[in-house]
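S.K.: Provide a 3D model corresponding to the input given below.
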Amino acid sequence: MSTSVPLVVRLLASSVSIAGRAGKIVRDVMSKGELGIVEKGKDDYQTEADRSAQRCIIASLAAQYPKINIIGEEDNPENEGEVCTEWLSTDADKEILSLECPPFLQGVKEEDIVVWVDPLDGTSEYTQGFLEHVTVLIGISVNEKPVAGVIHQPYYKNLVGNEKKTGRTIWGLQEVGVGGFTPAPPPSSLIITTTRSHSNPVVEKALQVMNAAQILRVGGAGYKVLQLLEGLASVYVFASPGCKKWDTCAPEAILTAAGGKLTDILGNNYKYGASVSRPNKTGVLAAVNDELHDYALNRIPQELKEKLANK
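M.R.: Predicted coordinates for the structure are as follows:
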């Protein structure tokens, strides 16, 4: 890979290839039927696919970019192990390598970057067979802000020419745009996407005040943001501390590159530096554009915002 290509563009190009490799691991674990499920906490599961996909992603990135700080969801020494040679990816997406890097990212060094990895977003759905909800997320932040990201869907079915292909990879880069598909306009009526498996009274109250025509309940932050990008929903509302930084870094980067916005329920941006706390304690509010984000933010009652902020 040419070192004349700016670092962030090279890293994004590598991440696209690595996410595809991780997606194959996710499919392979499922096809063998031995998921190796471990319960990390209440309604918080980990499978062999989570563990193996993370080892693939972190080992592949670390081999190419040794000074980058990489934070993964399954960040636990007992989950580390020998990485199969066939899992390692050294490829880079050629289309991305040809992109022009935005001026504000051209001088970035490895030490300035934190990569947030969710090797299998939607683990609960994965174990229950809702495979279309599953994504692999790799988010790239510089100076605490998400600047690029990858969402890979291991089970997405598409037709390339006359050949059926499994898997799709969507990427975004600030001031450049998104690739892997073409974003669609929002639906004509207000449709909200929210959690499928982590609801509570506060979450439900935030949904009720929106006066939405429809509420879609799906798994995974990556899949919810894809619904916004695909024109299936207008706003993503989750008034709960259930999400983590590895859930939102890549989706936020891609959504922002497409003209959307992702904040907490109070309207504040999350920071993605290496030393920040992992949980998104004040929920998630995302929309396909600023106008819809403002609408949703203004609908949420102040007392609900305060209740969430004081948790």
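
S.K.: Give the closest residue to S197 in space, chain neighbours not counted.
M.R.: Take S197 and drop its neighbours on the chain: the residue closest to it by Cβ to Cβ, 6 or more residues apart in numbering is S124, 5.2 Å away. Yep, even glycine has a C-beta here, placed from its N, CA and C like the rest.

S.K.: Please save the CA atoms from the strand or helix carrying the one you found in CSV.
M.R.: Element membership for S124 (DSSP states H and E) is helix 123-128. Written as CSV, here are the backbone C-alpha positions of helix 123-128 (Å, rounded to 0.1, in the frame of the first residue of the first chain):
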residue,chain,number,x,y,z
THR,A,123,-25.2,-10.1,19.3
SER,A,124,-28.6,-10.8,20.9
GLU,A,125,-30.2,-10.8,17.4
TYR,A,126,-27.4,-13.0,16.1
THR,A,127,-28.2,-15.7,18.7
GLN,A,128,-31.9,-15.5,17.9
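
S.K.: Determine how far stretch 147-155 lies from the middle of the whole chain.
M.R.: Chain-centre distance of stretch 147-155: 6 Å, with Cα atoms, centre = their mean, to the nearest Å.

S.K.: So, low pLDDT: which residues of the stretch 1-150 of the chain?
M.R.: Residues of the stretch 1-150 of the chain that meet the criterion pLDDT under 70 lie in 1-2, 33-45, 75-84.

S.K.: quick one: the strands in it?
M.R.: Ranges of strands within the stretch 1-150 of the chain are 38-41, 44-46, 69-72, 113-121, 135-142, 145-160, based on DSSP state E, counting those that start in this stretch.

S.K.: could you list every residue that touches E110?
M.R.: Counting by Cβ atoms under 8 Å, 6 or more residues apart in numbering, E110 touches L7, Y65, P66, K67, I68.

S.K.: Name the nearest residue to it, sequence neighbours excluded.
M.R.: Take E110 and drop its neighbours on the chain: the residue closest to it by Cβ to Cβ, 6+ apart is K67, 3.7 Å away.

S.K.: The one you found against E111, yeah?
M.R.: Yes: counting by Cβ atoms under 8 Å, E111 is a contact partner of K67 at 5.5 Å.

S.K.: now D294: how far from T194?
M.R.: 19 Å (Cβ to Cβ, to the nearest Å).

S.K.: Also P183?
M.R.: Taking Cβ to Cβ, one finds P183 at 20 Å from T194.

S.K.: These two - which one has more neighbours?
M.R.: Neighbour comparison, P183 and T194: the larger count goes to T194, with 25 against 20 (by other Cβ atoms under 10 Å).

S.K.: That one pairs with what?
M.R.: Counting by DSSP bridges, T194 forms beta bridges with R217.

S.K.: From what I see, V209 and N298 are in contact.
M.R.: No: the criterion here is Cβ under 8 Å, and V209 misses it with N298 at 9.9 Å.

S.K.: how big is the angle separating the host helix or strand of K165 from strand 145-160?
M.R.: According to DSSP H and E, K165 maps onto strand 163-173. Orientation of strand 163-173 against strand 145-160 (axes from the mean of the first three to the mean of the last three Cα atoms, to 10 degrees) gives an angle of 160 degrees.

S.K.: In strand 163-173, which residues are buried?
M.R.: In terms of neighbour count (16 or more other Cβ atoms under 10 Å), strand 163-173 has its buried residues at G167, R168, T169, I170, W171, G172, L173.

S.K.: quick one: the closest residue to G260 other than its chain neighbours from L262, how far?
M.R.: Leaving aside its sequence neighbours, G260 sits nearest to V288 (Cβ to Cβ, 6+ apart; 4.8 Å). Distance of V288 to L262, computed by Cβ to Cβ: 11 Å.

S.K.: what's the answer for A49, then?
M.R.: 26 Å.

S.K.: Same drill for these two, tell me which one is more crowded.
M.R.: Neighbour comparison, A49 and L262: the larger count goes to A49, with 28 against 24 (by other Cβ under 10 Å).

S.K.: Do I have it right that that one meets M30?
M.R.: Yes: at 6.8 Å, A49 counts as touching M30 under the criterion of Cβ under 8 Å.

S.K.: Spit out the residues that contact the two alike.
M.R.: Common neighbours of A49 and M30 (criterion: Cβ under 8 Å, 6+ apart): Y126.

S.K.: ok, back up a step: what is in contact with V288 and L262 at once?
M.R.: The contact lists of V288 and L262 share L255, where a contact means Cβ under 8 Å, 6+ apart.

S.K.: Now G72: closest residue in space, sequence neighbours ignored.
M.R.: V117 (4.1 Å).
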